[in-house]
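*Asks:* Quick one, what's the 3D model for this:
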Amino acid sequence: MKVYLDNAATTPLDPLVFEVMKPLMTDFFGNPSSIHGHGREVRSYVERARSKVASLLKTSPSEIFFTSGGTEADNTAIFGCVETLGVDHIITSKIEHHAVLHTVELLAKLKAIKVSFVALDKNGCIDLDNLETLLKLPANKTLVTLMHGNNEIGNLIDLQQIGKMAHSYGALFHTDTVQTMGHLPHDLSNLPVDFLVGSAHKFNGPKGIGFLYVNYRNKIDPFIHGGAQERNMRGGTENVYGIVGLAKALEIAYTEMDQQTQYIKGIKKYMINKLKNKIADVQFNGKCAEIENSLYTVLNVCLPPTPHNEMLLFNLDIAGISASGGGACSSGSNIGSHVLAVLDRDSNRPAIRFSFCKYNTIEEVDYTVAKLHELIVLN
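*Replies:* Numbering: from 1, shown residues only. A predicted model of the protein is given here:
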């Protein structure tokens with residue numbers, strides 16, 4: 001049996017998405033920047049996709065910019081805040097995705113900006129009192145950058161609460177919503193967010209395409225130079241079939257959201273109960289086991305110590321089960337998780353991230369838990 005439970009790394013492409021992409025790969029091939037008929041025709045596809053994304057997120061098409069993915073979108077927003085908007089103080093956490101952490105570290109080195117890490121509790125939850133204390137520190141301009149849903153442990157932050165707090169101190173608020181986009185609704189007409197990002201391959205769209213939302217009040221310079229594409233915000237010929245695929249995938253995600261949320265929550269709850277019944281002393285990292293208070297697509301399992309810790313992911317892979325030891329960069333490898341390291345988890349207890357999408361089944365969970373039981377309890 002082949003089981004794919006690494007959907008936080010990437011999801012399968014929805015067949016309906018592939019169908020809408022195909023004509024842009026074969027029949028409609030013009031450069032959208034060209035002024036002739038072939039180019040104008042393709043341009044219309046790009047702008048219709050932009051309007052669709054904006055409509056689903058309840059914002060203006062002028063605030064949506066297509067990128068190569070979430071990492072580029074995060075870099076664009078953070079660099080733009082420092083280079084264009086005068087940010088000299090960044091508040092973040094030590095469990096952010098490396099697209100944010102490494103960018104902030106580089107900027108601290110290149111621009112000598114101040115970086116503050118907000119305190120976390122033992123489960124990785126933001127200490128809001130400490131965040132407010134950090135917001136009071138003197139600065140020309142402060143940026144708060146905190147991810148909506150943690151890609152490893154599934155913790156969620158309250159975008160309304162943190163955005164309002166940041167704005168009350170005159171700070172900007174950037175949030176990486178790569179893991180929650182297409183899985184939870186985002187109403188940008190009501191969210192106190194300055195910058196927000198999405199990546200299509202996390203919600204059954206194609207790889208290599210994402211977007212950045214920039215609130216109209218903030219004008220930043222391009223991160224990638226060399227052309228006037230994306231209304232002078234990103235040099236480079238547009239990934240047209242990716243853009244069209246992203247819009248279709250997001251449309252399907254919003255159409256199916258209520259149904260798929262309940263279905264995937266059921267899969268996750270079933271796996272939690274199955275693990276508890278089959279493996280003594282199983283634990284869960286972060287808040288992921290709280291079904292209604294965490295990202296329902298992610299389950300980070302903390303297993304009892306075994307002599308075969310380092311081989312666990314490898315043995316699961318041999319059994320046809322794809323899972324992760326951390327983020328996508330360490331999926332299927334023994335690279336340690338920086339998130340779990342920050343939370344100071346017992347290094348003798350192996351951690352595996354299982355992540356779900358609409359294509360997973362109860363039968364796959366049964367097979368996976370049975371293999372885990374075999375590897376941990378019977379060996």
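*Asks:* could you pull out the helices for the chain?
*Replies:* Counting by DSSP state H, the chain has helices at residues 15-26, 37-57, 70-83, 98-111, 128-135, 159-168, 229-232, 240-278, 312-318, 338-342, 362-376.
*Asks:* out of everything not next to it in sequence, what's closest to Lys122?
*Replies:* Counting by Cβ to Cβ, 6 or more residues apart in numbering, the nearest residue to Lys122 once its immediate chain neighbours are dropped is Leu343, at 6.8 Å. Just so you know, the C-beta spots here come from the backbone N, C-alpha and C atoms, and that holds for glycine as well.
*Asks:* The one you found and Gln259, how far apart?
*Replies:* Separation of Leu343 from Gln259 (Cβ to Cβ, to the nearest Å): 33 Å.
*Asks:* More neighbours: the two, which one.
*Replies:* Using other Cβ atoms under 10 Å, the more surrounded residue of Leu343 and Gln259 is Leu343, with 20 against 10.
*Asks:* Pull the number of nearby residues for Tyr241.
*Replies:* Neighbour count of Tyr241, defined by other Cβ under 10 Å: 22.
*Asks:* picking that back up, winner for burial among the helices of the chain?
*Replies:* Compared across those, helix 70-83 shows the largest average neighbour count, a mean of 24 (mean count of other Cβ atoms under 10 Å).
*Asks:* so it versus helix 98-111, what angle?
*Replies:* 30 degrees (axes from the mean of the first three to the mean of the last three Cα atoms, to 10 degrees).
*Asks:* Let's test this: mean pLDDT of helix 70-83, rounded?
*Replies:* The pLDDT scores in helix 70-83 average 98.
*Asks:* my guess is the residue nearest to Lys122 meets Asn123, correct?
*Replies:* Yes. Shown here, Leu343 and Asn123 form a contact pair, counting by Cβ atoms under 8 Å, at 7.4 Å.
*Asks:* Common neighbours of those two, please.
*Replies:* With contacts taken as Cβ atoms under 8 Å, 6 or more residues apart in numbering, the residues that reach both Leu343 and Asn123 are Ile153, Gly286.
*Asks:* quick revisit: now the helices of the chain as TSV including distance to Asn348?
*Replies:* As requested, the helices of the chain are arranged in TSV below (distance: least, Cβ to Cβ, whole Å):
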stretch	distance to Asn348
helix 15-26	43
helix 37-57	44
helix 70-83	33
helix 98-111	25
helix 128-135	30
helix 159-168	35
helix 229-232	49
helix 240-278	18
helix 312-318	12
helix 338-342	12
helix 362-376	13
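*Asks:* and Met147, which of those helices is closest to it?
*Replies:* For Met147, the closest of the helices of the chain is helix 98-111, at 7.0 Å, according to Cβ to Cβ.
*Asks:* Could you give the separation of the closest one from the chain centroid?
*Replies:* Averaged C-alpha coordinates place helix 98-111 at 18 Å from its chain's average position (Cα atoms, centre = their mean, to the nearest Å).
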